[in-house]
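>>> task: produce atomic coordinates for the following.
(one chain, ligands or ions: 1)
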Amino acid sequence: MSRKIAVIRGDGIGPEIVDATLEVLDHLEVPLEYVFIDAGLARWKREGVPISDEDLEIIRKCDAVLKGPIATPVERKGYRSVNVLLRRFLDLYANIRFFKSNPLSPMGNLDIVFFRENTEGLYSGVEFRPLPEVAISLRVITEHASRRILLKAFRYAVENNRRKVTVVHKANILRETCGLFLETAEEVARNFPQIEVEYSIVDATAYKLIKNPENFDVIVSTNMFGDILTDEAAALVGSIGLVPACNLGDEHAMFEAIHGAAFDIAGKGIANPLGLMMSATHMLKYLGFQEKANILENAIWRVLSIGKVLTPDLGGSSTTRELVKEIIKFLD
Ligand code: NAD
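Coordinates of the predicted model:
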C-alpha cells in the first residue's frame with residue numbers, strides 16, 4: 001500500500017540533501033507518494049508566513065513527514081520557528097536521536113539513543129521584557145510531558161534490550177522544574193526494574209559524554225539540555241551530518257537529520273546527505289518497510305566502510321551527487 005509523505009525541503013542545504021534522499025528512495029522503489037510543502041525562511045521572506053494553515057492541515061493527513069532543516073534566524077523579529085511549530089502542532093513530543101559508531105567514527109563502540117523532550121522546557125516560547133533592560137524566559141515543565149518522554153525512553157530500552165537509562169537533570173539548582181522531572185523519572189523507573197537507572201547532572205553529563213561515552217546507553221532529558229548534549233554527542237560519531245532523528249508523537253511522526261541549514265556550505269554541492277538518509281531508514285521502519293530500511297542502512301554502511309567517496313565533513317573531497325551515486329550502487 002502506498003504511503004503519503006509530506007516533504008519539506010527546507011532552507012540552506014535542505015533542498016540538496018532532501019533531493020539526494022528522495023533519489024535514493026526512488027531507487028529503492030518504496031511505494032511512497034510525496035506531497036511537497038513549502039515551509040521556512042525563504043517562504044517567510046516571500047509571503048510573510050513561513051508555513052500556511054492549509055499546509056499544516058495537509059501535513060496532518062500524511063502518514064509521515066520527511067523534513068530538511070529550516071532556519072530560525074536570531075535577528076528576525078516576528079519570525080517563529082517552524083520546527084517548534086511543527087513539533088507542537090503534531091504533538092511530536094519525543095525527539096529521538098541516534099549516535100552509533102560507524103566505520104569512520106573516532107570512537108568505535110558507541111550506540112547511544114537520546115530521548116529529548118520536544119514540546120516544552122525553555123523552548124516553550126514564554127518570554128517577555130518587563131523592563132527594557134530585563135528579559136525573562138519561563139522554563140515550563142509539566143508532569144504530563146515529563147512522564148510521556150520518560151515512558152517512551154524506558155519502553156524503548158525494554159523493547160530494544162537496552163541495559164541502562166540515564167536521566168539528565170539539574171535538580172540541585174532548578175529545584176522546581178528539574179525537581180518535577182526527576183520525581184517523575186523516579187516514579188516511572190519503578191515500573192521498569194529490569195532497567196538500570198542512572199541520574200546525572202547535566203554539566204557532569206557533558207563531561208562524561210566526552211570522557212567515557214561508551215558508558216551511556218539510553219539517555220533522556222528535557223528540551224534544551226537534550227538539544228545541547230546531542231550536538232556534543234554528534235562530534236563523537238564523526239560529523240553532525242551523520243546523525244539521524246525521529247520526532248514521534250502518539251499519532252504523527254517526522255524524520256529529519258539533527259543538523260541545521262548549514263548556510264556556510266549551501267549551494268556548494270558538498271553537503272553530507274547521510275544524516276537525512278539515515279533518518280529516512282527510520283521512516284521506512286516506522287511505515288513498515290523494514291527490508292527496504294535494511295538495504296539502505298547497509299548501503300550507507302558499505303560506503304562509509306570503503307571510505308573512498310566521502311563529503312568534506314567526513315574528510316573526503318566528494319560531492320553530494322557523487323555520494324548519492326555511490327549509495328545507489330549498493331542498493332541492488
Ligand atoms: P548547522 O547544523 O546548520 O551547522 C553547524 C556546522 O555543521 C556548520 O559548519 C555546517 O557547515 C556543518 N554541517 C551541518 N550539517 C552538515 C551536513 N549535512 N554536511 C556537512 N556539514 C554540515 O548549525 P547552525 O549554523 O547553528 O544553524 C544554521 C541554521 O539552521 C539556523 O538558522 C538554525 O536555526 C537552523 N537549525 C535548524 C534545525 C532543524 O531544522 N531541525 C536544527 C538546527 C539548526
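>>> contacts and neighbour counts: CA atoms only from here.
OK.
>>> now do the helices in the stretch 51-200 of the chain.
With helices called from DSSP state H, counting those that start in this stretch, the stretch 51-200 of the chain shows them at 53-61, 82-89, 143-159, 177-189.
>>> flag every residue of the stretch 1-150 of the chain that's near the ligand.
Counting by C-alpha under 6 Å from any ligand atom, the residues of the stretch 1-150 of the chain close to the ligand are P69, I70, A71, T72, P73, N83.
>>> before we move on, the earlier item: T230 is nearest to which of the helices of the stretch 51-200 of the chain?
helix 143-159 (15.3 Å; C-alpha to C-alpha).
>>> average pLDDT for the closest one?
On average, the pLDDT along helix 143-159 is 98.
>>> now that helix, how far from the chain's geometric center?
Using C-alpha atoms, centre = their mean, to the nearest Å, the mean C-alpha position of helix 143-159 is found 17 Å from that of the whole chain.
>>> adding mean neighbour count, write the helices of the stretch 51-200 of the chain out as TSV.
Converted to TSV, those look like this (neighbours: other C-alpha atoms under 10 Å):
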stretch	mean neighbour count
helix 53-61	14
helix 82-89	17
helix 143-159	19
helix 177-189	19
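>>> any idea which of these gets closest to T319?
Among these, helix 82-89 sits nearest to T319 (C-alpha to C-alpha), with 27.5 Å.
>>> got the contact list for the closest one?
39-40, 50-51, 56, 70, 72, 92-93, 118-119, 123, 247 (C-alpha atoms under 8 Å, 6 or more residues apart in numbering).
>>> most neighbours among those residues, please name it.
Counting neighbours by other C-alpha atoms under 10 Å, the top entry in those is N118, with 28 neighbours.
>>> quick check: pLDDT value at the spatially closest residue to that one that is not a sequence neighbour.
In this structure, N118 finds its nearest non-sequential neighbour in Y93, 4.7 Å apart by C-alpha to C-alpha, 6 or more residues apart in numbering. Note on Y93: pLDDT of 97.
>>> then F128?
Predicted confidence (pLDDT) for F128: 94.
>>> what does I306 give?
95.
>>> what do you get for the one 5 residues further on?
Predicted confidence (pLDDT) at T311: the value is 97.
>>> quick check on I201: phi, psi?
phi -80, psi 140 (degrees, to the nearest 10).
>>> likewise for the one 10 residues further on?
K211 has phi and psi values of phi -70, psi -50 when expressed as degrees, to the nearest 10.
>>> burial count for H27?
Neighbours of H27 (other C-alpha under 10 Å): 12.
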